[in-house]
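**Q** Return a 3D structure for these sequence lines:
(chains A and B)
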Amino acid sequence: AQSVTQLGSHVSVSEGALVLLRCNYSSSVPPYLFWYVQYPNQGLQLLLKYTSAATLVKGINGFEAEFKKSETSFHLTKPSAHMSDAAEYFCAVSESGQNFVFGPGTRLSVLP
Amino acid sequence: DAGVTQSPTHLIKTRGQQVTLRCSPKSGHDTVSWYQQALGQGPQFIFQYYEEEERQRGNFPDRFSGHQFPNYSSELNVNALLLGDSALYLCASSHGGAVQETQYFGPGTRLLVL
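**A** Numbering: from 1, shown residues only, chains lettered A, B, ... in the order given. Sure thing, here's the model as predicted:
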């Protein structure tokens, strides 16, 4: 069965610092992997997705993630945090093509 | 171009009642998925509708049912509400249902069961 873990329910960084949000997955087949962002009182917005093409995936708002099969990881990074990046971030995995499994989320705070 | 819309935005019900939530997909999309997001947790997949049929279902009881109309809009029905059904219910639409296709999420319906 597929599953997702996100290490750190809350991450705080200073404005301009590196953002690193961790995601590890388990899957019995090559997975599709996603990062979504959720701002308060809003739905989810896709940041980026891995669909078995390039292992380094670039997304919107300067975010990127690297698929590492050997580590079963798909960590999200951004070189320089901005105040507007403060939100909840969810990693998700899909094997079947329809059923998405989301992680519990990581809340990112950006300190001035 | 309107995105995914959901109604109502908020809803309060009491235990045992029934509720219907509605979703209109993004223009050009034919697939609708429903998710339940409890407070402080990630969304959990309820089911997906494509061509008016339930194509896949998550681990939710039969109290949760749905429907997709010819115009691709969808309803989520929950019968015999429990306190634990209190959550944000998210609808997502996509084209064709393949995972490579981006799902676009609506703002959600927040359900409170008292």
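**Q** quick one: what helix or strand has the residue nearest to the spatial centre of chain B in it?
**A** Centroid-nearest residue in chain B, with CA atoms, centre = their mean: residue B:34, separated by 3.1 Å. According to DSSP states H and E, residue B:34 maps onto strand B:31-37.
**Q** Name the residues that touch the very next helix or strand once past that strand?
**A** With elements assigned by DSSP H and E, the helix or strand that comes after strand B:31-37 is strand B:44-50. With contacts defined as CB atoms under 8 Å, 6 or more residues apart in numbering or on different chains, strand B:44-50 is touched by A:98-102, B:30-38, B:54-60, B:64, B:66-68, B:74, B:76, B:96-97. C-beta: built from backbone N, CA, C; applies to glycine.
**Q** that older thread, contact partners for the residue nearest to the centre of chain B?
**A** B:23, B:45, B:46, B:47, B:48, B:66, B:74, B:76, B:89, B:90, B:91, B:92.
**Q** and the last one, how many neighbours does it have?
**A** It refers to residue B:92. For residue B:92, the neighbour count with other CB atoms under 10 Å in any protein chain shown is 27.
**Q** Assumed it was part of a helix.
**A** No - read with DSSP: H, G, I helix; E, B strand; the rest coil, residue B:92 is strand and lies in no helix.
**Q** doesn't residue B:4 make contact with it?
**A** Yes - using CB atoms under 8 Å, residue B:92 makes contact with residue B:4 at a distance of 6.8 Å.
**Q** Mind listing the shared neighbours of these two?
**A** A:43, B:104, B:105, B:106.
**Q** Now render the residues you listed as JSON lines, adding neighbour count, secondary structure and pLDDT.
**A** Shown next, in JSON lines, are the shared contacts of residue B:92 and residue B:4 (neighbours: other CB atoms under 10 Å in any protein chain shown; DSSP: H, G, I helix; E, B strand; the rest coil; pLDDT from 0 to 100):
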{"residue": "A:43", "neighbour count": "22", "secondary structure": "coil", "pLDDT": "85"}
{"residue": "B:104", "neighbour count": "19", "secondary structure": "strand", "pLDDT": "88"}
{"residue": "B:105", "neighbour count": "23", "secondary structure": "strand", "pLDDT": "91"}
{"residue": "B:106", "neighbour count": "23", "secondary structure": "coil", "pLDDT": "93"}
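**Q** what does chain B put close to chain A?
**A** Within chain B, the positions near chain A by CB under 8 Å from any CB of the partner chain are B:4, B:33, B:35, B:40-45, B:48, B:55-56, B:58, B:90, B:92, B:97-100, B:102-108.
**Q** Filter the residues you listed down to the buried ones, PyMOL style.
**A** Applied in PyMOL, the following selects the buried portion of these according to 16 or more other CB atoms under 10 Å in any protein chain shown:
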select buried, chain B and resi 4+33+35+42+43+44+45+48+55+56+58+90+92+97+99+103+104+105+106+107+108
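**Q** Residue 9: how many residues sit nearby?
**A** Answering for chain A, as no chain was given. The number of residues packed near residue A:9 is 11, by other CB under 10 Å.
**Q** hm, I was asking about chain B
**A** 10.
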